[in-house]
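>>> This is a predicted model, with the sequence first.
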Amino acid sequence: MSRLEVIKSNKGHHKVIHLGFMYTKHKAMGDKIRWRCVQRSTHCKGSIFTSPDFREPRVTVNHNHVPDIDAVEFARCRTMIAERVN
């Protein structure tokens, strides 16, 4: 199983990082959650499914771009700073 990391968005919602790609929650469907790539503005249809407890990530649609390591690191830092402030 590959690693999945959960962070908070600017608005306090969950985001997940998987294999260097970042996703936002699209919808919950029973015993699974569908996550969409944050780069939807570039017409990326990348998506994954997880269980409600963020386990068992399964890629359902591949990305049309390479992982954005800088954006992932920025989001991680922003989350750490926000946690220290609160």
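That came through fine. Residues are numbered from 1 along each chain as shown.

>>> contacts and neighbour counts: CA atoms only from here.
Noted.

>>> packing partners for the lowest-mean-pLDDT helix or strand in the chain?
Least confident helix or strand of the chain, by mean pLDDT, DSSP states H and E, is helix 69-85 with a mean of 88. The contact analysis (3 or more CA pairs under 8 Å, 6 or more residues apart in numbering; DSSP states H and E) places helix 69-85 against strand 4-8, strand 21-29.

>>> Any idea which of the ones you listed gets closest to residue 51?
Residue 51 lies closest to strand 21-29 among the helices and strands packed on helix 69-85, at 9.3 Å (CA to CA).

>>> Report the strands that pair with the closest one, each with its relative direction.
strand 14-18 (antiparallel), strand 32-37 (antiparallel) (DSSP bridges).

>>> Contacts made by the first one with the rest, please.
Contacting residues not belonging to strand 14-18 are listed as 2-9, 22-25, 57, 72 [CA atoms under 8 Å, 6 or more residues apart in numbering].

>>> Then stretch 28-42?
Residues contacting stretch 28-42 (CA under 8 Å, 6+ apart): 21-27, 44-52, 63.

>>> Give me the buried positions along that stretch.
32, 33, 34, 35, 36, 37, 38, 39 (16 or more other CA atoms under 10 Å).

>>> Any chance of a markdown table for the residues you listed, columns pLDDT and distance to residue 15?
Formatted as a markdown table, those follow (pLDDT from 0 to 100; distance: CA to CA, whole Å):
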| residue | pLDDT | distance to residue 15 |
| --- | --- | --- |
| 32 | 95 | 15 |
| 33 | 96 | 12 |
| 34 | 97 | 11 |
| 35 | 97 | 8 |
| 36 | 97 | 10 |
| 37 | 97 | 10 |
| 38 | 95 | 9 |
| 39 | 95 | 13 |
